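J.: Here's a sequence, model it:
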Amino acid sequence: MNKNPLVFFCIFCVKVYSYLLSPMIGKNCRFFPTCSEYAIECFRNFGFIKGGWLSIKRILRCHPWGNFGYDPVLKVKELKIKKVSKFLLQKFRKKYLYEGLSGDFLFYKEDNLKTTVHLALLIEDEVISGLTLIKTKFNNHDSLQIRGMFTITDFCRKGFGSQLITYVKSKFLTNDIKYLWCNSRFEAISFYKKNNFKEIGNFFIKKHIGKHKKLYFKL
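T.: Next comes the predicted model:
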C-alpha cells in the first residue's frame, strides 16, 4: 500500500463520506464496486495523483448530469445482448416485477406487435437483465417506450442495466426515433437519471404497484 500521507488522508475522507454522508442521500451508485470502494482501491494501488485522477473520472461518469468520464462496467466473459421471445421475458416479469399479482400484469397488449422488441442481456446464456421496447408517440414524436425492465437481484448495481440501456440508445435511436421514455417506479428513478433521462410531469399511482413518474431521453 502507498504510504504517502496524502493517500491516507484521501482514503480517510472517502470512508467518512461513505459511512456518514452517503447513507443520508441514498445508496444510488449504479456500479459495482461503488464509487467509494473504487476510489479507495485506486488510492491504495496507484497513489495520490493517479488514484485521484481515476477516482474523479469514475465520479464524473456516475453522476446524473453528464455522460463522460470512465464507465467501469464489470468485465465478464461471454456477455451478449440479443432479441428474445416475449414468453421468456414474461417469465422474468412475473418473478422480478409482478410477483404476487394476477397474470394480467405479465402480458402487455403490445407484446405481439411486429414493431415491439424484447431484449435480454445474457452472461454465458443466462438472462441477467431484460426489457421490452414499444414503438409509440412521445410529445407527438415517434419514440420507443421501455417497459418491464428488470435485473436479476444478485446482479443489481453492477452496471448491467446501464449497459442494456446504452445498447438500446446506440442501436435503436435514430434521426427518425430520437426519444426513449418510460414510466419508472419510484425506486428506479435514480437509475434512469444516472443514465441521462430527465423527469417530466408529476408522480402518479399505478394500481397494485405504486408511485411512478415519467422520464425521457432525447438523442
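J.: what about stretch 100-111, average pLDDT?
T.: Here stretch 100-111 scores 81 as its mean pLDDT.
J.: In PDB, please show the C-alpha coordinates belonging to it.
T.: Only the C-alpha atoms of stretch 100-111 are listed here, as PDB (Å, rounded to 0.1, in the frame of the first residue of the first chain):
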ATOM      1  CA  GLY A 100     -48.000 -11.900  -6.200                       C
ATOM      2  CA  LEU A 101     -50.100 -10.100  -8.800                       C
ATOM      3  CA  SER A 102     -52.500 -11.600 -11.300                       C
ATOM      4  CA  GLY A 103     -51.300 -13.000 -14.600                       C
ATOM      5  CA  ASP A 104     -52.700 -10.000 -16.400                       C
ATOM      6  CA  PHE A 105     -49.800  -7.900 -15.400                       C
ATOM      7  CA  LEU A 106     -47.300 -10.200 -17.200                       C
ATOM      8  CA  PHE A 107     -48.800  -9.500 -20.600                       C
ATOM      9  CA  TYR A 108     -48.600  -6.200 -22.400                       C
ATOM     10  CA  LYS A 109     -51.100  -5.600 -25.200                       C
ATOM     11  CA  GLU A 110     -48.100  -4.600 -27.400                       C
ATOM     12  CA  ASP A 111     -46.200  -7.800 -26.800                       C
END
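J.: check contacts around Cys204.
T.: Heads up, residue 204 is Phe, not Cys. Phe204 makes contacts with 211-213, as judged by C-beta atoms under 8 Å, 6 or more residues apart in numbering. Every residue, glycine included, has its C-beta placed from N, CA and C.
J.: and those residues as TSV, adding neighbour count?
T.: Below are the contacts of Phe204 laid out as TSV (neighbours: other C-beta atoms under 10 Å):
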residue	neighbour count
Lys211	13
His212	17
Lys213	18
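J.: I'd like the residues you listed as JSON lines, with distance to Thr174, secondary structure and pLDDT appended.
T.: Below are the contacts of Phe204 laid out as JSON lines (distance: C-beta to C-beta, whole Å; DSSP: H, G, I helix; E, B strand; the rest coil; pLDDT from 0 to 100):
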{"residue": "Lys211", "distance to Thr174": "32", "secondary structure": "strand", "pLDDT": "92"}
{"residue": "His212", "distance to Thr174": "27", "secondary structure": "strand", "pLDDT": "94"}
{"residue": "Lys213", "distance to Thr174": "26", "secondary structure": "strand", "pLDDT": "95"}
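J.: Dump those to TSV, plus distance to Ile205.
T.: Formatted as TSV, the contacts of Phe204 follow (distance: C-beta to C-beta, whole Å):
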residue	distance to Ile205
Lys211	6
His212	7
Lys213	11
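J.: so which of those would you say is closest to Arg147?
T.: Set against Arg147, the nearest of these by C-beta to C-beta is His212 (11.7 Å).
J.: Which residues does the nearest residue to that closest one once chain neighbours are set aside form beta bridges with?
T.: Nearest residue to His212, sequence neighbours excluded (C-beta to C-beta, 6 or more residues apart in numbering): Asn183, at 4.9 Å. As for beta bridges, Asn183 partners with Lys214 under DSSP bridges.
J.: count of residues packed around Asn183?
T.: Close neighbours of Asn183, defined as other C-beta atoms under 10 Å, add up to 15.
J.: how is the protein carved up into domains?
T.: Recorded structural domains for the chain (assignment: automatic domain parsing) are 5-62, 79-218.
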